[in-house]
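> Let's see this in three dimensions:
(4 chains)
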Protein chains: 2
Amino acid sequence: MTNMKDIAKIAGVSSATVSRVINNNGYVSHITRQKVESAVEKLDYVPNSQAISLKKGATKTIGIIAPNITETITVLVKNFTLAAQKKGYTVILYLTENDPKKELNALELMRSKQLDGIFLIIRSNDWSTIESYTKYGPIVTWQRVKSPCISSVFIDQYDGYLLGLEHLYANGCRTIINLYSDIRRLNTKSRIKAYEYFCKKYDLTPHSPELFNNINSIQDGEHIAHWLANQEIKPDAFMTSSDAVAAGLVSQAKRLGYSLPEDFSVIGFDNIEISHLLDITTIDYSIHKQAENAFKMINNDLSLQKLTPEELDFTLIVRKTTK
Amino acid sequence: MTNMKDIAKIAGVSSATVSRVINNNGYVSHITRQKVESAVEKLDYVPNSQAISLKKGATKTIGIIAPNITETITVLVKNFTLAAQKKGYTVILYLTENDPKKELNALELMRSKQLDGIFLIIRSNDWSTIESYTKYGPIVTWQRVKSPCISSVFIDQYDGYLLGLEHLYANGCRTIINLYSDIRRLNTKSRIKAYEYFCKKYDLTPHSPELFNNINSIQDGEHIAHWLANQEIKPDAFMTSSDAVAAGLVSQAKRLGYSLPEDFSVIGFDNIEISHLLDITTIDYSIHKQAENAFKMINNDLSLQKLTPEELDFTLIVRKTTK
DNA sequence: TTGTAAGCGTTATCAC
DNA sequence: GTGATAACGCTTACAA
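Okay, the predicted model is just below:
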C-alpha cells in the first residue's frame, strides 16, 4: 500500500509536509501543496486510519450495544447512526443476546481503544460493572439509571402512561389491565405509580402489578389474548408497555374472533411502524429524538463542539383499538 | 494508559516476551509467563487494538452497508452480525440513505484500512465503481450481480415466485396482479419470467410489468389498496415482491372495508414478523441463512479457516390472505 | 527461552 | 515554510 513516504518521495518533500497538506495544518507554500496534491492523485493515496488512530489515541468510532434488534431498537440504531455519521463518526454494532459476557466484550472494545464512546441501549450487567468502564470513555444509556458517570436519554414515562389511562377512562373503560414489562425496573415503577394515582383519582380498585409482569414480546401479547379468552369476567381495556405486546395481543385477539374496540380496548407504547399497520392507539415519545440526544451527549463528552439536546414529549396517537 | 513496556518493566522481561505471553506465541518458560501474567493483572493491562491493527494490516472489522434499516434488512444485519461476532469480528454499520456519496464514504473505509471486508446489502453506485474497491478487500452483496470480483448471496427468485403463483391458481385466482419492485433489476426480471411462464402454462393473458413498477414500501402497498377501490373490474389476487408491500396493501384494504381472502388474495415475500402478525400468506426464503452465508463468504476470503455456506430453499407459508 | 531492534503509517515538536 | 525525528503500542525476524 502506498503511504506518506511514497508521496513525499514523489513530491520531493518530507512526509511532515505531506501531513500538513493532507490535514490543512500549518504553513505550506502554494507550490509545494500542488506538488503534494498531484502526487496524492497520481498514487491514489489514502491515509491509513489505523496509524492515525494510534497516533491520536482516538478512533472516531462509537459502539451501539443492544441485546438484539427489535423494531424499537431499530429506530434507536438508525437515528443514532445517522447522527453519528453526520459528525464523521463511524458506528459499531454489538449484539449481546442478553449475555453479560458478550456485553463485557463490547465494553472491552472501549478499553482497548477501539471505541471512543458507547451507546448502551439495554444493559445486561450490573450498573456498577458498567460504571467501571466509564473511565475509558463516555457511556450513555436508553434505560433509566441514577449514576454520576453514566448518562441516560431516559424520560420518565409517568406522564405518557397517564395520558393513555385517561384516554381509556374518557371512553368508558373502568376495568383496565396493565401489562408490565418488568416490575423491578424503574421505568415500570413509574407506570405503576401512574396507574395507582389514576385509580385513586377515579375511585377504581387497582389490580396487583405482579399479575401481569414480564410481558415483553409479541408472543407474550398473543398469550394474553388466549388468557383473555378463558376469562369469565373480562376486562374492558389493556394498557401495555410496548407496541410489540399490543400488536401480539391485538392480532391474536382478532384471530380468536374478537373485534376491537367493541369487545375491549388496547393502547400500545412507542408508536412504531407496527402500531400504524395494525391501527393500534399508542403513545408516541419521540424515540428518534432520544437516539439523537444519545449521540449528542456522547459527542459533547468527546468533542469541544457542543450539541444541544432536544426536548422530548408525549403524544397520544388515537387509532382503532380505542373508542 | 498502561502499555507493554510498563508490563515488561514490572515483570522484569522485554516487551517481546510480554507479547509472546499475551498471544500464546512462541516459547515462554512457565515462570516468566507467570510473572508477566501477574503484571498484566496488577496493572489492569489491555493491548491497544489500534497498534495491533496497524502492525498486522488487518482490523478484524467488517462493514455492513445498507440504505436504511427495513425489517428485512434487520434480519440480515442481525444474523450477519451474530455470525461475525462468533468468529471474533466486529461489525460496522453504515447507512447510506441511497446516497451514492455516502456509500463511497463507506467503501473508502476499506481503502483506508478500517475495514477488512464489506457486506453491501443494497448498493447505490454502479457495480463498476463498487468493483474497483474489491482490490482493498472482499465485497459480498445481497443483490444479484454478475461480477468476477463481487460475490452475492442472491438466490434466483423464479422458483419462489412461481410457488406463490401456483398457489393462487390452485385456489381459483385467474386475474393476478404482480406488484414489482423495480423492473430493471434482475431479481424482478426473474419474477416477470416466472409470471410469463405461468400465464402461458394456464393460458392466461399477462398484464404488462410496467403497470405496477416501483412498488416497494408499506406506503406503496397502501396506495395500491386505494387504487383497487377505484377500479370497476377488480383483480382477484396480488402477488407482491415483499411482505412490506403486502402488509401495506392488506392493512389499508381492511381499513377500506375489504375482507381477505374473500374479496381478493395477497401473497407476500420474505416471511418477516409482520407477515405473521397480519396473517399474510408469504414465501420464505431463509434470509437469515443468506446473512450467514454472506459472512461465510467474506470470512473465506479473509481467513484460512474455511466455512461452508448453507443451501437455501423456498417455502410457501399459507396464512389467511389466500384461500 | 529470551532480548534487541526494525518497522507498521501517522502526527507533532523542534530546529533551521 | 520545511525537514528531521521522536513518539504512538505492538509484532516479529534475528541474535544470543
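> What about the nearest residue to A:D156 once chain neighbours are set aside, how many residues nearby?
Distance criterion Cβ to Cβ, 6 or more residues apart in numbering or on different chains; nearest residue to A:D156, sequence neighbours excluded, is A:S190 at 5.3 Å. The way it works is simple: take the backbone N, C-alpha and C, and place the C-beta from them, glycine included. Residues lying near A:S190 (other Cβ atoms under 10 Å in any protein chain shown) number 20.
> any chance you could map the helices in chain A?
With DSSP state H as the criterion, chain A has helices at A:4-11, A:15-23, A:30-43, A:49-56, A:71-86, A:100-111, A:127-131, A:158-170, A:186-202, A:218-229, A:243-255, A:273-277, A:287-302.
> Could you say which of these is packed most deeply?
helix A:243-255 (a mean of 25; mean count of other Cβ atoms under 10 Å in any protein chain shown).
> How far does that helix sit from its chain's centre?
Helix A:243-255 sits 23 Å away from the centroid of its parent chain (Cα atoms, centre = their mean, to the nearest Å).
> taking the mean pLDDT, what do you get for that helix?
In this model, helix A:243-255 has a mean pLDDT of 94.
> could you check the angle helix A:71-86 makes with that helix?
140 degrees (axes from the mean of the first three to the mean of the last three Cα atoms, to 10 degrees).
> Now do the same contact list for A:S303.
The contact partners of A:S303, taken as Cβ atoms under 8 Å, 6 or more residues apart in numbering or on different chains, are A:K87.
> can you tell me how far A:I317 sits from A:N271?
Taking Cβ to Cβ, to the nearest Å as the criterion, A:I317 is separated from A:N271 by 5 Å.
> more neighbours, the two?
A:N271 (24 against 14).
> Got the phi and psi for that one?
Per-residue torsions, A:N271: phi 60, psi 50 (degrees, to the nearest 10).
> Tell me the spacing between it and DNA strand D.
46 Å (Cβ to the nearest atom of the strand, to the nearest Å).
> I'd say that residue and A:I280 touch.
No: using Cβ atoms under 8 Å, A:N271 is not in contact with A:I280, being 9.2 Å away.
> shared neighbours of the two, anything?
With Cβ under 8 Å, 6+ apart as the test, A:N271 and A:I280 both reach A:D243.
> rewinding a little: got a list of what the residue nearest to A:D156 touches?
With Cβ under 8 Å, 6+ apart, A:S190 has these contacts: A:156-158, A:161.
> hmm, back to that, nearest to B:I218, of the helices of chain A?
Shortest distance between B:I218 and the helices of chain A, using Cβ to Cβ, is found for helix A:273-277: 6.8 Å.
> Report whether that closest one contacts chain B.
Yes: using Cβ under 8 Å from any Cβ of the partner chain, helix A:273-277 reaches chain B at A:273-274, A:277.
> Just the residues contacting that helix, thanks.
Contacts of helix A:273-277 (Cβ under 8 Å, 6+ apart): A:71, A:243-244, A:246-247, A:268, A:280, A:282, A:317, A:319, B:71, B:218, B:247-248, B:251, B:274, B:277-278.
> What sits closest to whatever residue of the stretch 151-300 of chain A ends up closest to DNA strand D if chain neighbours are left out?
Closest residue of the stretch 151-300 of chain A to DNA strand D, Cβ to the nearest atom of the strand: A:I298 (22.1 Å). By the measure of Cβ to Cβ, 6+ apart, the closest residue to A:I298 outside its immediate chain neighbours is A:G117, 4.2 Å from it.
> Distance of the one you found relative to B:K102?
For A:G117, the distance to B:K102 - Cβ to Cβ - is 22 Å.
> ok, now A:L302?
For A:L302, the distance to B:K102 - Cβ to Cβ - is 22 Å.
> do A:I274 as well
Distance from A:I274 to B:K102, by Cβ to Cβ: 28 Å.
> Could I get the contacts of A:S190 in a markdown table, plus columns for distance to DNA strand D?
Formatted as a markdown table, the contacts of A:S190 follow (distance: Cβ to the nearest atom of the strand, whole Å):
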| residue | distance to DNA strand D |
| --- | --- |
| A:D156 | 41 |
| A:Q157 | 43 |
| A:Y158 | 46 |
| A:Y161 | 48 |
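> Now render these as CSV, adding distance to A:L109.
Shown next, in CSV, are the contacts of A:S190 (distance: Cβ to Cβ, whole Å):
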residue, distance to A:L109
A:D156, 31
A:Q157, 31
A:Y158, 35
A:Y161, 36
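> Just give me the closest of those residues to A:S132.
Nearest to A:S132 among the contacts of A:S190, with distances taken as Cβ to Cβ, is A:D156, at 26.6 Å.
> what number of residues lie near the closest one?
Neighbours around A:D156, by other Cβ under 10 Å: 15.
> My guess is it contacts A:L162. True?
No: counting by Cβ under 8 Å, A:D156 does not reach A:L162; the two are 10.8 Å apart.
> Could you report the distance from the closest residue to DNA strand D within the stretch 51-200 of chain A to chain B?
Nearest to DNA strand D, among the residues of the stretch 51-200 of chain A, is A:K55, at 3.8 Å (Cβ to the nearest atom of the strand). A:K55 sits at a distance of 9 Å from chain B (criterion: Cβ to the nearest Cβ, to the nearest Å).
> One more: A:L249?
Taken as Cβ to the nearest Cβ, the span from A:L249 to chain B is 11 Å.
> go on, A:L260?
12 Å.
> same thing with A:H288?
As for A:H288, its distance to chain B is 12 Å (criterion: Cβ to the nearest Cβ).
> Test my guess that A:I317 contacts A:T282.
Yes: at 5.1 Å, A:I317 and A:T282 qualify as touching, with contact defined as Cβ under 8 Å.
> Mind listing the shared neighbours of these two?
Shared contacts of A:I317 and A:T282 (Cβ under 8 Å, 6+ apart): A:271, A:275.
> per-residue pLDDT, the closest residue to A:Y27 other than its chain neighbours?
Spatial nearest neighbour of A:Y27, excluding adjacent residues (Cβ to Cβ, 6+ apart): A:R20 at 7.7 Å. The confidence metric pLDDT takes the value 94 at A:R20.
> from memory A:N25 sits against A:T17, does it?
No: judged on Cβ under 8 Å, A:N25 makes no contact with A:T17 at a distance of 10.6 Å.
> tally of neighbours for A:G88?
So A:G88, with other Cβ under 10 Å, has 9 neighbours.
> and the closest residue in space to it that isn't next to it in sequence, how far is that from A:Q114?
Leaving aside its sequence neighbours, A:G88 sits nearest to A:K60 (Cβ to Cβ, 6+ apart; 6.1 Å). Here the criterion is Cβ to Cβ. By it, A:K60 lies 11 Å from A:Q114.
> Quick check on the two: which one has the bigger neighbour count.
A:Q114 (23 against 16).
> re the thing from before, and the gap between the residue of the stretch 51-200 of chain A closest to DNA strand D and A:R20?
From A:K55 to A:R20 the distance is 15 Å (Cβ to Cβ).
> How about A:K78?
38 Å.
> Ends of stretch A:106-122, what's the gap?
13 Å (Cα to Cα, to the nearest Å).
> distance between it and the chain's centre?
In terms of Cα atoms, centre = their mean, the centre of stretch A:106-122 is set 15 Å apart from its chain centre.
> so does that stretch get close to DNA strand D?
No: applying Cβ under 7 Å from any atom of the strand, one finds stretch A:106-122 separated from DNA strand D by no less than 7.5 Å.
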